[in-house]
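Student: one predicted model, sequence on top.
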Amino acid sequence: MEVTEAYVFNNASVLFNEYHPYGTLLDLSNKWIDPSWYIVALVGIQMAKILRELHAVNIIHGDIKPDNFMILRKLSECHDDIEQILATPILKLIDWGRAIDMRVLAGHTFTGRAGTDKFDCSEMLVKSYSFRCAGFFFRNCFIRSLL
């Protein structure tokens, strides 16, 4: 991701990058009435790939939700070459303000509540602190809401 402008303050920072005319997954889900299973599956796979890559380098995003995924290109039901379709990125994860590098904080656990009723990861509720669970929980919630 190329940052085009950055503003850093004592208590916050703002990073700007290129504009994506297709909006976010939240924009898309608000427009869809009956989404194609193919597009929903493609979005779910792409979200899982992003989370897998983050977790492989021990990074917690900390704010996985539909409005933090930008759509990079028009989503279509092109069923031509599945390998090429899966290898072509269609999403970009943004808003890294809550991200945690677990390499720096190895051995630490975190607790937290989303603050929204029924929006807390079940692993957090039972105090099972695998950081990988929360990201996939919110991905699965979003995919379920589309279906």
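Tutor: All right, it came through fine. Because the structure is predicted, anything quoted here is derived from the model rather than measured. Residues are numbered from 1 along each chain as shown.
Student: and the next helix or strand past the helix or strand hosting residue 14?
Tutor: Using DSSP states H and E, residue 14 sits within strand 13-17. The helix or strand immediately downstream of strand 13-17 is helix 25-31, counting by DSSP H and E.
Student: what are the contacting residues of that next one?
Tutor: 22, 35, 43, 65-67, 69, 71, 75, 91, 142, 145-146 (CB atoms under 8 Å, 6 or more residues apart in numbering). Every residue, glycine included, has its C-beta placed from N, CA and C.
Student: can you tell me the SS state at the residue positioned nearest the centre of the chain?
Tutor: Note on the chain: the residue nearest the mean C-alpha position is residue 64, at 4.4 Å, using CA atoms, centre = their mean. Following DSSP: H, G, I helix; E, B strand; the rest coil, we place residue 64 in the coil state.
Student: where's it relative to residue 141, distance?
Tutor: Look at residue 64 and residue 141: by CB to CB, to the nearest Å, they are 9 Å apart.
Student: with residue 84 instead?
Tutor: Using CB to CB, residue 84 is found at 29 Å from residue 141.
Student: list the buried residues for stretch 40-56?
Tutor: 40, 42, 43, 44, 46, 47, 50, 51, 54, 55 (16 or more other CB atoms under 10 Å).
Student: just the CA coordinates for that stretch, please, in PDB.
Tutor: What follows is stretch 40-56, C-alpha atoms only, in PDB (Å, rounded to 0.1, in the frame of the first residue of the first chain):
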ATOM      1  CA  VAL A  40     -19.800 -14.100  -1.800                       C
ATOM      2  CA  ALA A  41     -17.500 -17.200  -2.000                       C
ATOM      3  CA  LEU A  42     -14.800 -15.100  -3.800                       C
ATOM      4  CA  VAL A  43     -15.000 -12.300  -1.200                       C
ATOM      5  CA  GLY A  44     -14.800 -14.800   1.700                       C
ATOM      6  CA  ILE A  45     -11.800 -16.500   0.200                       C
ATOM      7  CA  GLN A  46     -10.000 -13.200  -0.400                       C
ATOM      8  CA  MET A  47     -10.700 -12.100   3.200                       C
ATOM      9  CA  ALA A  48      -9.400 -15.400   4.500                       C
ATOM     10  CA  LYS A  49      -6.200 -15.100   2.500                       C
ATOM     11  CA  ILE A  50      -5.600 -11.600   3.800                       C
ATOM     12  CA  LEU A  51      -6.100 -12.800   7.400                       C
ATOM     13  CA  ARG A  52      -3.900 -15.900   6.800                       C
ATOM     14  CA  GLU A  53      -1.100 -13.700   5.600                       C
ATOM     15  CA  LEU A  54      -1.400 -11.300   8.600                       C
ATOM     16  CA  HIS A  55      -1.500 -14.200  11.100                       C
ATOM     17  CA  ALA A  56       1.500 -15.800   9.400                       C
END
